[in-house]
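Engineer: for reference, the sequence and a predicted model appear below.
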Amino acid sequence: MARVVLVHGVAQQFEGPELLSLRLGAALRDGVKLATGTALLPEDVACAFYGNCFIEPGTRSNGLPGWDEHDVEDGLEAELLDAWWRQAAEIDDAVEPADEEGTRGPAGYAASRMLLSPWVRERLNGLTQARFFQPVSERILIGELKQVRRYLDEPPVWHAARAAVAAEIRPDTRVVVAHSLGSVVAYEALCENPDWPVTDLVTVGSPLGLPVIHRRLSPLPVEGRGAWPGGVVRWTNVADPGDIVALVGALAPQFVSGPGDGVDDRTITNGARMHDFERYLTAPKTGTAVAAGLREPHA
């Protein structure tokens, strides 16, 4: 039975749990062994798969709809796009910064699609120039916005995603390692299930501190601070400063403290693949956090 459960992020709808477990599980085992010398077996690691929540039952089309600026919805999608664009402009000289007119935010344009669409187009144009999004097409980028919005806004989606995590938790599961949107899924699932045997949460490339995400969490934050995730004893958060998705890299100020000193925020560098889950899994700071959760007993 798996002692470590991995939770993937967006854009995995054409993958599967076994395929992801082979690739991501190998990366995690490498990271733990290289960092600590601890050798994990393949059966020690499982992957909670919820990518199929975002495709229609019975379909496996590799095509994406012909989305453009007219398809980015007002509200969470536009806010998230704006947050990514502003962070990209901060860290990447290839992305034009916001001008005075652009500081109004999506709410200033929501009354008219004719005004919102050019506002969205400016941000899409900027992000396609960013190093972070270079391998990503515009349609994929919009699809990622929509997956985040659907998870947060559509009960059948978030219920199925959290159920996928619950299905992999066993009596000997001690560590959950969650990436990107998966960190939101894992966090909320742990909050709902304080009786789980999980003692350690490791989030990587996480958007949990991003205001547009943070204020929508379940349970809702109180006085600006999110709840501690259930029965977790230790929470380690790992972020690359160049990771636009994890643009609020320090989570400790955003969440109440747990049994210890709160979230342990750690910074790493993933090279050109700033947000890549495998890079995060092979990082020594991730490996040591996972090994500690497997090694140290908790009351």
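Structural biologist: Right, received. Where do you want to start? All values derive from a computational prediction rather than experimental measurement.

Engineer: would you list every one of the strands in the protein?
Structural biologist: For the chain, strands defined by DSSP state E occupy the ranges 4-7, 45-48, 175-179, 200-204, 234-239, 264-267.

Engineer: run through who's touching the second one.
Structural biologist: The reference is to strand 45-48. Outside of strand 45-48, the residues within contact range by CB atoms under 8 Å, 6 or more residues apart in numbering are 2-8, 17, 20-21, 24-25, 28-29, 164-165, 167-168, 182, 185-186. (Glycine included, C-beta is placed from N, CA and C.)

Engineer: kindly recompute the last result at 7 Å.
Structural biologist: Outside of strand 45-48, the residues within contact range by CB atoms under 7 Å, 6 or more residues apart in numbering are 2, 4-8, 17, 20-21, 24-25, 28-29, 164-165, 168.

Engineer: which ones are touching the residue nearest the centre of the chain?
Structural biologist: Centroid-nearest residue in the chain: residue 180, 1.3 Å away (criterion: CA atoms, centre = their mean). Contact analysis of residue 180 by CB under 7 Å, 6+ apart lists 9, 10, 205, 206, 207, 245, 275.

Engineer: how about it: what's its closest non-neighbour residue?
Structural biologist: Counting by CB to CB, 6 or more residues apart in numbering, residue 180 lies nearest to residue 9, which is 2.8 Å off, once chain neighbours are set aside.

Engineer: so the one you found sits right up against residue 177, yeah?
Structural biologist: No. When contacts are counted by CB atoms under 7 Å, residue 9 is not listed as touching residue 177 (11.7 Å).

Engineer: where does this protein have low pLDDT?
Structural biologist: Low-confidence segments of the chain, defined by pLDDT under 70: 56-64, 98-115, 134-136, 296-299.

Engineer: which of the contacts of strand 45-48 ranks first by neighbour count?
Structural biologist: Neighbour counts for the contacts of strand 45-48 were taken using other CB atoms under 10 Å; the highest belongs to residue 7, which has 30 neighbours.

Engineer: separation between residue 54 and residue 9?
Structural biologist: 12 Å (CB to CB, to the nearest Å).

Engineer: more crowded one of those two?
Structural biologist: Applying other CB under 10 Å to residue 54 and residue 9 shows that residue 9 carries more neighbours, namely 24 against 19.

Engineer: please, where are all the helices along the stretch 51-200 of the chain?
Structural biologist: Under the criterion DSSP state H, counting those that start in this stretch, helices of the stretch 51-200 of the chain are mapped to 76-91, 113-127, 138-153, 155-168, 181-192.

Engineer: any idea which of those helices is most buried?
Structural biologist: helix 181-192 (a mean of 25; mean count of other CB atoms under 10 Å).

Engineer: show me how far stretch 271-288 is from its chain's centre.
Structural biologist: Averaging C-alpha positions (CA atoms, centre = their mean, to the nearest Å) puts stretch 271-288 13 Å from its chain's average.
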